[in-house]
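Peer 1: Quick one: sequence plus predicted model below, questions after.
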Amino acid sequence: MTAMRPISASGTPEARFKVVFAAHYPAVYGYAARRVGRDEAGDAAAETFTVAWRKVSSIPDEPETLPWLYGVARRVVANQQRSRRRRERLGAKAAAQPPRAAPPADAGAGVLDALEALRPEDREILRLAAWEGLGPREIGTVLGCTPNAAAIRLHRARRRLQSAVDDTGGDA
Amino acid sequence: MSRDPFDLLREQNPMPEDRLPTPPMATADRIVRDAPRRRPLGGWALAAAAAVVVLIGGGAWMLWLGDGDDPVAASSTSDATTTTAAPTTTTGPTTTTGPAPTTTTAGTTTTLPPAGPNEGEAVIYLLIDDPTATGASPGLMPVARSLAVLSAPVTDLPYTTMGFLLAGPTPGESEGIPHISTAVPDDTRLLGLTVADGIATVDLSAEFASGSGSFSEIARIEQVMYTLTRFDEIDGVRFRVEGEPVEVFGGHGIVLADPAVRTDADTTLPAILIESPPHRGAGDNPLAVHGTANVFEATVSLALVDGDGLILWEGFTTATCGSGCRGDWSAVIPYEVDEAQMGAVIAWEESARDGSQINVREHPVWLVPSGQPADTDPNTAAALAEEYRRLRGEIEHVDMMLRQLEEAWVEASSAEESGLAAIEAQIETAAAARIELLARAAQVMELLAAAGEPVESGCSGLSVAGALPEQPDLPDPVRDTRRAVFEAARTCEWSTLESLAAGGFTHSFGGGDDPISSWQSQEALGLEPMRYLASVLALPYGTIDTPDVTYSVWPSAAAAESWEQVSGAHRSALLDLYSDYDLAGFDDYGGYIGYRVGITDGGEWVYFVAGD
């Protein structure tokens, strides 16, 4: 009867989900923390795994699992940032304050300023490569493009990061 | 010397590996407990379904079911032969509630929909409330209607489309938030529709001009006009009511342009109109979106979200005119989804005052993975095969639910419990879902065949025991034919069946293609026609005498004048093939309308058919 449905090698969907959760929660939390800060990273990670549970039959096997989770987390984070922007706008309306405080500038973080000046797509691919340590193939899974396209986009983003550092007068 | 900033960036990792937390397994437990997994049937909830049967011009009917969120449609399967109405007769669409006479059997095991005579969608204009502006009048919105739900082939698309428009919103749409409505009065009938020289002349019944409110009167005119002028070949619309040309419409003296065209009718247009894709329409990948808008600085913000409401793409586009005039806008949205799903395209204006979202429009839209466009590409045979397997799995799932529901019904009816009607409504819903899944699976099968990778059909006859009970009273020619058909059905010997079914053979009241290919596709869909054929022949038989010829008929119930005349023993014999619920359906209908076989006393096999 159910032979038509793909049956996971690791038993029930619950068991499989928990294996994936235990293996990858830290990395997903880290991904979120690097983008929205530690305060909201827990929520983002939980939301990411909630989506993953709803789609448990589509979670790819290793080694694709984590890049796939990053792809989900990317959209979860985008949603969180959107609703935060909306909250900030509303807050600004109520308190007549500027909507968004500049991100805290770490010491010696000229490169972070340069990163912020880039387009969102460039920013994300650079973070995936530098902070999550992903290669072109995994980046392709996260962003939904071929490894070749990911490699080209990463190359271009690195070039633009270089010129942004030059422009902002970074002393790197 | 400066270092590569990329290496610097690595050192600036705000959350290095060694500071990551341990997985909080309690959170995993909570997720599994609280969040439902995606239901295999998408939005087809079986609880509290509302059903409306709608007659569409030409005599075909379709069944709308809604759970307040996702309407589902199914179509009639057996009415196609009874309709002779030409598109311009006076029998326009009417709406009734409650099940149509044939719905009790349409979804069980007795009939198969024609393999999707229609593809694509019609688009009608309904009215939707603006969720960001309470108290404002609702605005026009194009809404998709799948043509696959119609039982008869569409010969006149504008006429069929008008039928959908007059039928109005589905229960799910009218109960949803935001609320989708129509200003066209109930019971308005389409009396005629002709198109000539770019002008459509539409003739509607007197109900169209009834009712109150000047907004409603303008809105219904604009709904009809926008719906018809969406067709490339129609630029303007002339209105008639009961055959009389209309110059001044309704109780508020609305003067109609002759013909009415889009450029001078914008009362009901929202600030942002998404023309394409329509509400619940099929999307391509990438998704082409266009519409019109009259917004501040002509800036239209856009987002695409997936089935979980997560953003796939966000951006904005600029209309050709703004801040007080209406302009056109368009965008092509790239996206990636890992499986086809109902996402949504959202368009809005950022308030110049506070940046909030105003004039929001949201169209649910069917998203497909890239390389798998809505209209199938023959190169995607693998994707089609996967879709076929998925549909088969869903059909089996629905079958299982149906069996459970039928058992629950039988239990409830014998215990005279209340709640019978609720179970019946669920059965209707599941049966309708099954019909639509079957129609889709049949379409996918055709596409696979066209792509050179036809689905291999199994042979359900093999599950029937080899011994055919002797029926010694049969005339010899009948006995020989019976055995030959039985053996051929058991092993799906198509060539033998073809020669046996030569001549005036009936396999479907809908006519259609030849019996062999029809049975083959039914086998591939898992409908097991050969199991039914062989099994029916093993049941007790009856005879039907006509002045010219005597037919031997299996099962005996099919030869009885009415269900009441079928004895208890002969009813029980049917339980090999039909459930107690099906038998209750025969009782309700007054006769057996399941599969039956007829052989003349001369040994000619004349039918194997189901339905009424």
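Peer 2: Cool, the structure landed.
Peer 1: Just the helices from the chain, written as ranges.
Peer 2: In the absence of a named chain, this looks at chain A. Taking DSSP state H to define them, one finds helices in chain A at A:13-36, A:38-54, A:65-95, A:110-117, A:120-130, A:136-143, A:147-167.
Peer 1: you looked at the wrong chain, it should be chain B
Peer 2: Under DSSP H, chain B gives helices at B:5-11, B:25-34, B:103-106, B:157-167, B:171-175, B:214-229, B:381-414, B:420-450, B:476-491, B:494-500, B:515-524, B:529-537, B:568-573, B:580-589.
Peer 1: Now do the longest one and helix B:420-450, the angle between them.
Peer 2: Same thing as helix B:381-414. Calculated by axes from the mean of the first three to the mean of the last three CA atoms, to 10 degrees, helix B:381-414 forms an angle of 160 degrees with helix B:420-450.
Peer 1: Pull the distance from helix B:381-414 to the chain's centre.
Peer 2: 16 Å (CA atoms, centre = their mean, to the nearest Å).
Peer 1: The second one now?
Peer 2: Helix B:25-34 sits 36 Å away from the centroid of its parent chain (CA atoms, centre = their mean).
Peer 1: Give the other helices and strands that it contacts.
Peer 2: Counting contacts by 3 or more CB pairs under 8 Å, 6 or more residues apart in numbering or on different chains; DSSP states H and E, helix B:25-34 is packed against helix A:13-36, helix A:38-54. Where you see a C-beta, it was placed from the backbone N, CA and C, and this is true even at glycine.
Peer 1: right, and residue B:506 touches residue B:611 too?
Peer 2: No: using CB atoms under 8 Å, residue B:506 makes no contact with residue B:611, being 10.7 Å away.
Peer 1: Looking at those two, which has the bigger crowd around it?
Peer 2: With neighbours defined as other CB atoms under 10 Å in any protein chain shown, residue B:506 and residue B:611 compare such that residue B:611 has more, 19 against 13.
Peer 1: what ranges of the stretch 351-500 of chain B fall below the confidence cut-off?
Peer 2: Under the criterion pLDDT under 70, the flagged ranges of the stretch 351-500 of chain B are B:371-383, B:416-417.
Peer 1: pLDDT value on the residue in chain B that chain A sits nearest to, please?
Peer 2: Nearest residue of chain B to chain A (CB to the nearest CB) works out as residue B:336 at 3.0 Å. As predicted, residue B:336 sits at a pLDDT of 83.
Peer 1: That one is in contact with residue B:306, isn't it?
Peer 2: No: at 9.4 Å, residue B:336 does not count as touching residue B:306 under the criterion of CB under 8 Å.
Peer 1: Name the residue in the two with the higher neighbour count.
Peer 2: Legend: neighbour count by other CB under 10 Å for residue B:336 and residue B:306, higher for residue B:306 (22 against 16).
Peer 1: Just to check, the more buried one is in contact with residue B:339?
Peer 2: No: using CB under 8 Å, residue B:306 makes no contact with residue B:339, being 9.9 Å away.
Peer 1: hang on, the earlier thing: to chain B, which of the helices and strands packed on helix B:25-34 lies closest?
Peer 2: helix A:13-36 (3.6 Å).
Peer 1: which helices and strands sit right next to the closest one?
Peer 2: helix A:38-54, helix A:65-95, helix B:25-34.
Peer 1: could I get those helices as TSV with mean neighbour count, distance to residue B:562 and mean pLDDT?
Peer 2: Formatted as TSV, the helices and strands packed on helix A:13-36 follow (neighbours: other CB atoms under 10 Å in any protein chain shown; distance: least, CB to CB, whole Å; pLDDT from 0 to 100):
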stretch	mean neighbour count	distance to residue B:562	mean pLDDT
helix A:38-54	20	51	90
helix A:65-95	18	60	73
helix B:25-34	14	54	87
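Peer 1: Select, out of the ones you listed, the one closest to residue B:325.
Peer 2: helix A:65-95 (27.2 Å; CB to CB).
Peer 1: tally of neighbours for residue B:480?
Peer 2: Neighbour tally, residue B:480, other CB under 10 Å: 13.
Peer 1: How is the chain partitioned into domains?
Peer 2: In the absence of a named chain, chain A is used. A:11-101, A:104-172 (automatic domain parsing).
Peer 1: Actually, chain B is the one I wanted.
Peer 2: B:50-264, B:272-367, B:378-450, B:460-609.
Peer 1: hmm, the third one in reach of chain A?
Peer 2: Yes: judged by CB under 8 Å from any CB of the partner chain, domain B:378-450 comes into contact with chain A at B:389-390, B:392-393, B:396, B:400.
Peer 1: Tell me the buried residues within those residues.
Peer 2: The neighbour count (16 or more other CB atoms under 10 Å in any protein chain shown) marks B:389-390, B:392-393, B:396 as buried among the residues of domain B:378-450 next to chain A.
Peer 1: Is it possible to get JSON lines of these that adds distance to residue B:550?
Peer 2: Formatted as JSON lines, those follow (distance: CB to CB, whole Å):
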{"residue": "B:389", "distance to residue B:550": "47"}
{"residue": "B:390", "distance to residue B:550": "48"}
{"residue": "B:392", "distance to residue B:550": "42"}
{"residue": "B:393", "distance to residue B:550": "46"}
{"residue": "B:396", "distance to residue B:550": "41"}
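Peer 1: out of the residues you listed, who's nearest residue B:218?
Peer 2: Of these, the one sitting nearest to residue B:218 (CB to CB) turns out to be residue B:390, at 45.6 Å.
Peer 1: about what we covered before: just give the closest residue to the residue of chain B closest to chain A, not the sequence neighbours.
Peer 2: Nearest-residue entry for residue B:336: residue A:144, 3.0 Å, with adjacent residues in sequence omitted and distances by CB to CB, 6 or more residues apart in numbering or on different chains.
Peer 1: okay, now residue B:471: neighbour count?
Peer 2: Residue B:471: 16 neighbours (other CB under 10 Å).
Peer 1: wait, residue B:258 sits on residue B:237?
Peer 2: No: using CB under 8 Å, residue B:258 is not in contact with residue B:237; the gap is 9.7 Å.
Peer 1: Between these two, which has more neighbouring residues?
Peer 2: residue B:237 (26 against 14).
Peer 1: Assess the claim that that one and residue B:259 are in contact.
Peer 2: Yes: Residue B:237 is in contact with residue B:259 according to CB under 8 Å; the separation is 5.5 Å.
Peer 1: list residues touching both of those two?
Peer 2: residue B:199 (CB atoms under 8 Å, 6 or more residues apart in numbering or on different chains).
Peer 1: near chain A, which residues of the stretch 201-350 of chain B show up?
Peer 2: B:306, B:308-312, B:314, B:335-336, B:338-339.
Peer 1: Look through chain A and state the residue closest to chain B.
Peer 2: For chain A, CB to the nearest CB, closest residue to chain B: residue A:144, 3.0 Å.
Peer 1: Now do the contacts for that residue.
Peer 2: With CB under 8 Å, 6+ apart, residue A:144 has these contacts: A:71, B:335-336.
Peer 1: Residue B:482 versus residue B:493, what's the distance?
Peer 2: 15 Å (CB to CB, to the nearest Å).
Peer 1: before we move on, the earlier item: can you tell me which of the helices and strands packed on helix A:13-36 is nearest to residue B:587?
Peer 2: helix A:38-54 (43.0 Å).
Peer 1: Run through the residues that contact residue B:174.
Peer 2: B:168, B:180-181.
Peer 1: Out of the residues you listed, grab the one that's most surrounded.
Peer 2: residue B:168 (24 neighbours).
Peer 1: Surely it is in contact with residue B:126?
Peer 2: Yes: counting by CB under 8 Å, residue B:168 touches residue B:126, with 7.3 Å between them.
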